[in-house]
Structure formats: structure tokens, C-alpha cells
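Participant: predicted coordinates and the sequence they were generated for:
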Amino acid sequence: MFRQFYCCAVFLASITAMVVANADELNLKEVASGVFVHQGIHAMPDKLNRGEIANIGFIVGDRCVAVIDSGGSPAQGKALKAAIKDKTKIPICHVINTHVHPDHVYGNIAFKEPGVSFVGHRKLAQAMASRAPYYLQKAERDLGLAIKQEDFIVPDKPVDSSMVLDLGGRKLLLTAHGPAHTDNDLSVYDDKTKTLWLSDLLFMGHVPVIDGSLLGWLKELDTLKKIDAKLAIPGHGPVASEWPRSAEAETRYLEMLKSDIRGYIKQGKTMEQAMAEVGHSARGDWQLFDDFHKRNIATAFAELEWED
Amino acid sequence: MKHTPSTKAYCLLVVSLLFANLALAAGEEDAAWNNVLKKKYFGDRTIDESGTSIELTAPYRAEDPALVPISITAKTPQTPSNYIKTITLIIDNNPVPFAAAFHFTPESGKADIATRLRFNAYTNIRAIAETNDGKLSMVKAFVKASGGCSAPIGADLEAAMARMGKMKFKLEGDKAVLNQPNQTQLLVSHPSISGMQMDQISRIIKPAHFVTQVKVNFNGKPVMSAETDIALSTDPNFRFYFVPDKAGDLKAEVKDNLGKEFSYTQTVSP
């Protein structure tokens, strides 16, 4: 009987080792000088991918390194840290969290040490505090992760409206946006390579997810599109693309939701009707459409019905 | 490997334990109701489950757990001799299972109600109707909270806070139809903050702030009233019926747990 247990244990351990090995070999691409991005996958967070689905990465200065989003699990955070140490001897000084969603912040704990500051939108702490009780439950149920309260690390450098981080030889301009993808979105602009790290303000391939404000997002996009950037880095999608052209599909989708849902509200139709009917012709344009499109309608409907 | 009697016994044990667990899992979704909630909210009263009185529509998957539209339809019209007095909504596995209790009168026309709720977990929602003869009947539906990044919190609380107390009635058509049930929708802007947060994380405490009472009258006669709790979505929304006998005023009065009161009147004409 012991032997059976032993075999079983060895088998399980080898599966676990395989998964860990995958996480360890974090695939990073240098999209511009000193700008490294790992491309996530278009999938719902689950126990197989452990929520490791978002684009994450880092920017290397002469003096120090800024991590931009720490990963979807503590293990991915560790893998990212290992990859940084592998590429450079320059120390990590900042972890920038672009917003509260788990696929972007669950790696935080791997970077917690003296000399590393955590940077986020002024509303990030509040968003973490109010979502944590629910997210912790979900991490266990859906991702098989034992996340603890202290694994969310609130920013010690909150960004009120904007902030410049000097990494030595390059400056990052951080902008705290109004409600858009969430109510705590932060974008990062690297002046040296003119790279605009938009994270989830830009979705490509993966259907955009509205967890903030539809109208706000369109407004922020208008402003962002005027930025003179060579490259844009989305939160989900190809690691780098042309700006502002890469925002076209997202803008079209959000504009469609805005005009169709306004029409439904004007005709006195209900949220349920809108969820069943609006915008399904866009299904072919996006991945994970069935997972997020209806929720986008609900969120947008609840916002737009207060317009007049 | 040779199978000794002890390994066989072990296998059997494992298999039977597995089945026992499955059986438990099947009944598990009703456990909280059967063991605690039924007694807590309805004591020892008999609750009919044959589904003759009302119908409950809830999505199997909560697309946005902060904003789940649900509706209850009464199977018979409200008459002075036979009407639904109250419909109570319980969400078994929410932190506060009591979501709302809606009260109707014969003048409501139809005891239909639709609203938007928060779902924190995979859970049953139950609608329990009480008729004027004091009988209770219940229907239930299972709702799976969706995956992804969603949380049962409003997307933009600041916007809701800024317009707190603003209200609207929306009628189905442009004009009311006299002496018939007319559907209307009441929109109330309120952040509906649950107060369930981990302030160890942020040391920022946002206390609970949510709507606790809603009263709707038409020309002074009650149409629908409700006691509500934190399961109500940000910017609570209610769809229900009233029967106008002439032109008049629809009036909504809303109270929250911090003692704030809001009221709004809209003139309705045929």
C-alpha cells in the first residue's frame, strides 16, 4: 500500500514540477532597448494556467529596473524576478501595478523586499481592499492558489495624477487615468524608446473588459491616441504594436456598445434585452467574447441609463 | 504489483468515500437553507415548493456578479380577495443572505418585480411569496458567479456617489393606460457600499452605505414597498406594476442605513 502511495506521490510531484518548470521559463521579448515583455495567453484564468494570462514585463534603466505588472500568481512573480536577474545585474527598484486585477498583481509578493517600492493609481489601495475578500475566495476556488491578504501589496507610492520615475538614463512618465477599464488604471510612457505601456487600457485579440466606465474609457483613449509613441504594449495581445492604430478595434467595439445600448435605453428596453441582443455580430472579431461581452453590456447599460 | 486483500479493501474504501463526497456535494447547495436560513427567516412555517404562485428568472451564469438582473413573475393577477403580499429574496451563500423583501397590494395589479443583485459565490437564490391568506411558496435558481476579474462591487462608485439620491421613473410606453397594470421602472442612484472590505490592506475604511427602504405610491396609495440590504447592486433598480385610475403622481421615498432620505415625484398622464 505504501508503494502505491509512493507512486502516486511521485507522479503528482512530477506533474507539479512540470508546471513549475513552465513558469520558470518565462518567455520574454525585448521589444525596444531595455523594454522586456512576456506575452500572456487569451484564456480565462483557471487552475491550469493559474491566472498567468496577462502581458507582464520590465524596463531596465542605468540605475535600476521597474517591473510593470508582477504576474497572475506568486509563482509567476518569482519567475519574472528570476528572468530579470538572469538578464541584468541592475537592481529592481519599482513594481508598477497598472490596475487591481489579479492577473496583474498576484506576483507582487515575489518582489517585496527593502529597496523596492510599489507604485499604483491613487485608487488602487481602495480597490484592493474592497475586492480582496472576494478575490481571495476566487483564487482558491478557480485558480487553486492560496493567496493571502498580505500578498496584495498596496502602493507605497500612490500616483495622484502623474509621476516621473527616473531609472537612470531613462524616465518613465506614469499617468493615473479616470475610470476606464477599471477606476484605477495607470499607463507608463518610456521617454527613451517612446514606448507606451497601456496594459489593460488596450486589449488586442482578447475582447475588451469594462470594469470601470465605457464613456470614461473612450475619453481616455481620445487623449492617449494623441501621445507620440512608437510602440504600444497592450495588457492582452501582441507584445508590441503600432500606436495609435492598434487601438482601432477596441475603439470600434466600445463605440458600438455605446451607440447600440443608448438606442436600447431610448426605446425603453431592459438590461436583460440588451444583454441578449446587443452587438453579437462582433463575436467573430474577438476571443473570449462569450466570457465577457454580456457583462460589458450590463456594466455599460448601468452607466448609460444615467446619461440624461 | 499483487493486489492483496488489504489494497482491495483500501480501494473500496476510497471509492465509497468518493461517492459519499459526491452525494454530499449534490445536497450541499441546499445545506445552508435547510440547516440555518429557512428557520432564521421563516421559523417553522410550511413552505410550498410546487411553484404554483411565482416564477423566478435568474441567469445560470452571473455575467457581472456586481449586476445580476433577476425577475419574479406572479402567475395570477392581484385581486382584493387573492393577492401576493410579500416576495422575499434570499441568496444563500452571500455574506448577508437576505437581499430584499417586496410588498404589494391589490392595487399593484401584478406582483411582478425585477431588480439587479450582487452574487458573491456559487449559490442558490430563492424567492418566497406570501399570499394574503398567509401561505408561503418558494422557487429557487442556481447562479454561478462568473470567473475572470469581476467582483461584486460597482464599477464606478464615485459616479454613483456624486449623483446619490437622483431618481427616475421610466414607464413602458409614453403614456399610462388607465385601469390596467402599467409597468414602470424606478432607478435610484446610490453607491450601495457593502462595507465588506479588508482594511488591514489599505487602512482605509469605507463603512457600509446602502439603501434599506423603498416606498412607491401613486396618488398617495401604496404600490410597492421594500426592505433591502447590501445585495442590491450599485444604483438600485426596480421594475414593477401599478394601476393608474387617472392622471397623477408616482412618488418614490428612499432611505439608507445612514439615515439619509431621498424622495422623487413624477407626474403620469394617460
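Facilitator: Yep, it's here. Numbers count the residues shown, from 1 in each chain, chains lettered A, B, ... in the order given.
Participant: residue 258 - how many residues pack around it?
Facilitator: In the absence of a named chain, chain A is used. Neighbour count for A:Lys258, taken as other Cβ atoms under 10 Å in any protein chain shown: 17. (Glycine included, C-beta is placed from N, CA and C.)
Participant: actually chain B
Facilitator: When neighbours are counted by other Cβ under 10 Å, B:Leu258 registers 10.
Participant: which bits of the stretch 201-308 of chain A sit near chain B?
Facilitator: By Cβ under 8 Å from any Cβ of the partner chain, the part of the stretch 201-308 of chain A that sits against chain B consists of A:209-213, A:216, A:268, A:270-272, A:275, A:291-292, A:294-295, A:298-299, A:302-303, A:305-306.
Participant: what is the subsequent helix or strand relative to the lowest-mean-pLDDT helix or strand in chain A?
Facilitator: In chain A, no helix or strand scores lower on mean pLDDT, DSSP states H and E than helix A:2-24, which sits at a mean of 45. As assigned by DSSP states H and E, the chain's next helix or strand after helix A:2-24 is strand A:29-32.
Participant: contact partners of that next one?
Facilitator: A:Phe36, A:Val37, A:His38, A:Gln39, A:Asp190, A:Thr193, A:Thr195, A:Lys230, A:Leu231, A:Ile233, A:Val239, A:Ala240 (Cβ atoms under 8 Å, 6 or more residues apart in numbering or on different chains).
Participant: who's in contact with the first one?
Facilitator: For A:Phe36, the contacting residues are A:Leu28, A:Lys29, A:Glu30, A:Gly57, A:Phe58, A:Ile59, A:Val60, A:Ala83, A:Lys87, by Cβ under 8 Å, 6+ apart.
Participant: surely it is within a strand?
Facilitator: Yes - assessed by DSSP: H, G, I helix; E, B strand; the rest coil, A:Phe36 belongs to a strand.
Participant: rewinding a little: most neighbours out of the contacts of strand A:29-32, which is it?
Facilitator: A:Ile233 (29 neighbours).
Participant: ok, back up a step: can you tell me which of the contacts of A:Phe36 is closest to B:Asn217?
Facilitator: A:Gly57 (58.8 Å; Cβ to Cβ).
Participant: now, the most widely separated pair of the contacts of strand A:29-32?
Facilitator: Largest separation among those by Cβ to Cβ: A:His38 and A:Lys230, giving 20.0 Å.
Participant: quick one: secondary structure of A:Asp86?
Facilitator: helix.
Participant: can you show me the strands along the stretch 1-150 of chain B?
Facilitator: B:47-48, B:54-57, B:61-62, B:68-74, B:84-91, B:98-104, B:113-117, B:123-131, B:136-145 (DSSP state E, counting those that start in this stretch).
Participant: for the fifth one, what is the distance to the chain centroid?
Facilitator: Using Cα atoms, centre = their mean, to the nearest Å, the distance from the centre of strand B:84-91 to the centre of the chain it belongs to is 8 Å.
Participant: buried stuff in it?
Facilitator: For strand B:84-91, the buried set under the neighbour-count rule, 16 or more other Cβ atoms under 10 Å in any protein chain shown, comprises B:Ile84, B:Lys85, B:Thr86, B:Ile87, B:Thr88, B:Leu89, B:Ile90, B:Ile91.
Participant: which residues touch A:Gly77?
Facilitator: By Cβ under 8 Å, 6+ apart, the neighbours of A:Gly77 are A:Ser70, A:Gly71, A:Tyr106, A:Gly107, A:Asn108, A:Ile109, A:Ala110, A:Phe111.
Participant: on the pLDDT front, check the last one for me.
Facilitator: Model confidence at A:Phe111, expressed as pLDDT, equals 98.
Participant: tally of neighbours for it?
Facilitator: If we define neighbours as other Cβ under 10 Å, then A:Phe111 has 20 of them.
Participant: that one and A:Gly77, how far apart?
Facilitator: Distance from A:Phe111 to A:Gly77, counting by Cβ to Cβ, to the nearest Å: 6 Å.
Participant: what sits in contact with each of those two?
Facilitator: Common neighbours of A:Phe111 and A:Gly77 (Cβ under 8 Å, 6+ apart) are A:Ser70.
Participant: pLDDT weak spots in the stretch 51-200 of chain B?
Facilitator: Applying pLDDT under 70 to the stretch 51-200 of chain B picks out residues B:147-148, B:198-199.
Participant: could you rerun that using 90?
Facilitator: Within the stretch 51-200 of chain B, the stretches with pLDDT under 90 are B:51-52, B:95, B:107, B:120-121, B:145-162, B:172-175, B:193-200.
Participant: chain A contacts on that one?
Facilitator: Within the stretch 51-200 of chain B, the positions lying close to chain A (Cβ under 8 Å from any Cβ) are B:63-64, B:66-67, B:69, B:71, B:114, B:116, B:120-121, B:145-153, B:155-159, B:163, B:166, B:170-173, B:185, B:187, B:189, B:196-200.
Participant: out of these, which are inside helices?
Facilitator: If you go by DSSP state H, these have B:Leu157, B:Glu158, B:Ala159, B:Asp199, B:Gln200 in helices.
Participant: buried ones among those?
Facilitator: B:Leu157, B:Ala159.
Participant: can you tell me which of the ones in helices among the residues of the stretch 51-200 of chain B next to chain A is nearest A:Ala282?
Facilitator: When those are compared for distance to A:Ala282 (Cβ to Cβ), B:Ala159 wins out at 25.8 Å.
Participant: hang on, the earlier thing: using PyMOL, define a selection of the buried residues within the residues of the stretch 51-200 of chain B next to chain A.
Facilitator: Remark: buried members of those, expressed as a PyMOL selection using 16+ other Cβ under 10 Å:
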select buried, chain B and resi 63+64+66+67+69+71+114+116+120+121+145+146+147+148+149+150+151+152+153+155+156+157+159+170+171+185+187+189+196+197+198
